[in-house]
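A.B. asks: Sequence first, then the predicted structure:
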Amino acid sequence: MKILVVEDEHKIANAIKQGLMQENFVVDVAYDGIEGYDLAVSEEYDVIVLDRLLPGMEGVEICQKLREQKNHTPILILTAKGQIADRVEGLEKGADDYLVKPFAFEELLARIKALGRRPKKTLGTILKLNDLSLNTKTYEVKRGNNPIQLSSKEFALLEYLMRHQKKILTKDQIINHVWNYDSNILPNTIEVYVGYLRNKIDKPFQKSHKLIQTIRGFGYKIGES
């Protein structure tokens, strides 16, 4: 999953980022409301973690603006304000969940995963395509009964492809979803990682259908040709 964290306290923001990256998430961080809003409207995220009190633009205002623009990305609001009225206000402005500081990272992680299981189409924690399966909870990938070991970036790429089965995904879409906003991506980076995946999920299984397809001039898709 790709997560946006908008939090002006650098220590908290960086700790959340490090913890989520250890869970194989792709994470972008913004330290003020304006930057956070700009990222939220220009990039594609699975979940937005949004501090309530931010310089430039408050979290509740960001939430409201996104919902007015028909952006339905799940939003989790973090706040030091624990009063019922404050929580109700955030939820009424379109937030999906609310977590009061201080909080345990394990609870934050559980809530993010729960929100991430609410995609526009409910796909569950196990994604399947023919004999290929990917478990978003345990990070296990199998083809038939054969386990496949993937790096965190290969896993993120395969998960994104499998969440959009049989749809053509452009290189820009893949970069925006699988890599951090400020990553330096070389022109052939996508080809390299698609090649890594092919070497692990297609080439060793010659008797099975090839799943990763190159659509020349457009991008890639996963699914039988």
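C.D. replies: Structure's in. What do you need? None of the values given here were measured: they were computed from a predicted structure.
A.B. asks: Can you show me the strands along this protein?
C.D. replies: Remark: strands assigned in the chain by DSSP state E are 2-6, 26-30, 47-51, 75-79, 97-100, 126-129, 132-135, 141-143, 146-148, 212-215, 219-222.
A.B. asks: low-scoring stretches of this structure, by residue?
C.D. replies: Where the chain drops to pLDDT under 70, the residues are 81-83, 86-87, 118-124, 182, 187, 224-225.
A.B. asks: Now do the domain split for it, please.
C.D. replies: 2-116, 126-222 (automatic domain parsing).
A.B. asks: Is it possible to get JSON lines of these that adds mean neighbour count?
C.D. replies: For the C-beta atoms, the positions are set from N, CA and C on the backbone; glycine is no exception. Shown next, in JSON lines, are the domains of the chain (neighbours: other CB atoms under 10 Å):
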{"stretch": "domain 2-116", "mean neighbour count": "18"}
{"stretch": "domain 126-222", "mean neighbour count": "16"}
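A.B. asks: Dump the strands of the chain to TSV, plus distance to G116.
C.D. replies: Below are the strands of the chain laid out as TSV (distance: least, CB to CB, whole Å):
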stretch	distance to G116
strand 2-6	8
strand 26-30	12
strand 47-51	5
strand 75-79	10
strand 97-100	11
strand 126-129	12
strand 132-135	13
strand 141-143	18
strand 146-148	22
strand 212-215	24
strand 219-222	20
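A.B. asks: Out of the ones you listed, which is closest to K171?
C.D. replies: Among the strands of the chain, strand 219-222 comes nearest to K171, with 5.6 Å by CB to CB.
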